[in-house]
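A.B. asks: Pasting the sequence and the predicted coordinates here, then a few questions.
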Number of protein chains: 2
Amino acid sequence: MAKVLITTVPFGEKSRVPIDLLEKANIEYVINPLGRKLKESELADMVGEFDGLIAGTEIISRKVIERASKLKLISRVGVGLDGVDLLAARNLGILVSYTPDAPVLAVADLTIGLMFNSLRGVHIANSEMHRGKWIRHFGRRIQDVTIGIIGAGRIGAQVISILEALDVKRILVNDINQELQMHLVEKEFIYKEADVISLHVPLTDLTKNMIRKEQLLSMKSDAILINTARGGIVNEQDLIDVLNNGYLGSVAVDVFEQEPYVGGLSNIERCLLTSHMGSMSVDCRTRMEVEATEELVRYFSGLPLQGLVPEYEYDSRGLA
Amino acid sequence: MAKVLITTVPFGEKSRVPIDLLEKANIEYVINPLGRKLKESELADMVGEFDGLIAGTEIISRKVIERASKLKLISRVGVGLDGVDLLAARNLGILVSYTPDAPVLAVADLTIGLMFNSLRGVHIANSEMHRGKWIRHFGRRIQDVTIGIIGAGRIGAQVISILEALDVKRILVNDINQELQMHLVEKEFIYKEADVISLHVPLTDLTKNMIRKEQLLSMKSDAILINTARGGIVNEQDLIDVLNNGYLGSVAVDVFEQEPYVGGLSNIERCLLTSHMGSMSVDCRTRMEVEATEELVRYFSGLPLQGLVPEYEYDSRGLA
């Protein structure tokens, strides 16, 4: 009987379908006993007895994988692969699957909401009102600003399509895929020109610390920066320093270098902070959990897999 | 030389155009010396020496108007006329103008932002994160819910048109104008069916306290109620009671019975509160101030007025 560890949190909370799938397939499962994102060492200590992982964003490094002597499949709930050492997994014959389409609509929805919110200073007014302070903030309408999108993959492209439906007057896009049917500009141009900058790139060796003090200071002094992609793309300490010096209009951050997040951004009122909730709409989260579980059930039922991570993801690791 | 009191706050802050218009027309002006919404008695004490008012949402009652012995024109920055005793003004030969189109885009923009925000629990997560608390909230995507719009005048219609562009699957509309090109439903149906209920009616004797405990409790237990229209349409004490009993998902409130607001909603974390910022986008606020000032300049230059409040606004007062 296959035995599976579910590390992602939450799991099976809004829909029992993924749990039912496992039980129907006679797969034994253990749900993350700590109820939060596991640290590398915690996962390494647990992983030895399991044949499969239904994984979140935790670090699945070579160190973890070398302890996973029975592991055959890592089935990621979601799209980012920054936590997974793909080459180590391949070396040890472990397959990796993911659910890249399932979170798209939810992450784009949160991103658009953060744009509206930040442009009107809603989070600042709300925090003041809860302290009994009445200040009428000026803001800007979403149609009336220049929005820069860095990364036009699945999620970035969906954000762009919503902005187009909203009739936003000027959308600037940067992406490494030169075949996109959009007019692409340099990142540096976006930093300088955009009123709102939203990140939709994966975390890789190329994008880690992509936005440091230098990039932040090249933005408009009242620019709004939104990160619903991955912590680490924006250097957090640099961001805190720049904000504390009064630069940037506001920032909205859903993702952090270390999660759960504890740190200096929490002390800055104009930081709009959420707890890695991009994919957390009931419908998308359920779809992600179900798709990742179905993939795992397929594996242990001897059926062909449908969500294997494509070869180019491995290739890009080889290059880095 | 005409002398004008500008009561609305802020005024001329983001654009000097309205100030320049007054100076060029040789109109003497005084800007609200208290820097906040005036109370009825404060305005009554001030108003006697002025020929014109550039007015905000403060109460311009019969008591105020009877003290305004020189007043010829009230030029409202914005659309709501709930503060103005139109019949008293007419009896004493005072004209009333307003700028009903100028705030539309800004109020609709804030409303849509509050919907996105409330549906994903952004304000709750933000307040938790600023207290060092990491909770991943489930939410719903805006496309995936039923949204009820009460009042499909200028602003309500604009909200509907944005929701349609966003491809929201089900929009329910209530309005007293039966000639609208939309399928209208009863308010009671909206209370029962909608996941998000947004108010876009003026404050009149008919809409005052339109939503009391009974109406709130007829909504879904996780419904989201949004009021960017006027305080007083929702009974605030009833709203506080219902929320404190754990009913309703969350509420977003931009407008209050008394402004600046001080009260119990501030102690409820799932209340998203803003400080009457609906019209406060730089572009719309500027347009409102300029239009109201232009109207006043027209009057004192002997030119025909363009923004006079239409007759049906007076008629509806006669009926009440």
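C.D. replies: Arrived safely, thanks for sending.

A.B. asks: In terms of pLDDT, where does A:Gly318 sit?
C.D. replies: In this model, A:Gly318 is scored at 66, pLDDT.

A.B. asks: and the residue lying closest to A:Leu265 once chain neighbours are set aside, what does it touch?
C.D. replies: Spatial nearest neighbour of A:Leu265, excluding adjacent residues (C-beta to C-beta, 6 or more residues apart in numbering or on different chains): A:Cys271 at 4.7 Å. Yep, even glycine has a C-beta here, placed from its N, CA and C like the rest. If you count contacts by C-beta atoms under 8 Å, 6 or more residues apart in numbering or on different chains, A:Cys271 has them with A:Leu243, A:Ser250, A:Val251, A:Ala252, A:Val253, A:Leu265.

A.B. asks: Could you rerun that using 10 Å?
C.D. replies: Shown in contact with A:Cys271 (C-beta atoms under 10 Å, 6 or more residues apart in numbering or on different chains): A:118, A:123-124, A:239-240, A:243, A:248, A:250-253, A:264-265, B:126, B:129-130.

A.B. asks: mind checking the backbone torsions on it?
C.D. replies: Dihedral angles phi and psi of A:Cys271 (degrees, to the nearest 10) take the values phi -80, psi 120.

A.B. asks: And the one 4 residues further on, by the same measure?
C.D. replies: Backbone geometry at A:Ser275, expressed as degrees, to the nearest 10, gives phi -100, psi 70.

A.B. asks: Next, work out how far apart it and A:Thr286 are.
C.D. replies: 19 Å (C-beta to C-beta, to the nearest Å).

A.B. asks: In a helix, A:Ala88, correct?
C.D. replies: Yes. Counting by DSSP: H, G, I helix; E, B strand; the rest coil, A:Ala88 is part of a helix.

A.B. asks: Surely it and A:Lys63 touch.
C.D. replies: Yes. Using C-beta atoms under 10 Å, A:Ala88 makes contact with A:Lys63 at a distance of 8.8 Å.

A.B. asks: of these two, who's got more company?
C.D. replies: Using other C-beta atoms under 10 Å in any protein chain shown as the criterion, A:Ala88 and A:Lys63 rank with A:Ala88 on top: 18 against 14.

A.B. asks: Which residue, other than its chain neighbours, is closest to that one?
C.D. replies: Closest to A:Ala88 by C-beta to C-beta, 6+ apart is A:Arg62, at 3.9 Å.

A.B. asks: what residues are up against the one you found?
C.D. replies: A:Arg62 neighbours (C-beta under 10 Å, 6+ apart): A:Asp85, A:Leu87, A:Ala88, A:Ala89, A:Asn91, A:Leu92.

A.B. asks: Next one: the residue most central in space within chain A from A:Gly80, what distance?
C.D. replies: In chain A, the C-alpha closest to the average C-alpha coordinate belongs to A:Ala229, at a distance of 4.0 Å (C-alpha atoms, centre = their mean). A:Ala229 is 8 Å from A:Gly80, where distance means C-beta to C-beta.

A.B. asks: Next, show the common contact partners of these two.
C.D. replies: Common neighbours of A:Ala229 and A:Gly80 (C-beta under 10 Å, 6+ apart) are A:Pro202, A:Leu203, A:Val255.
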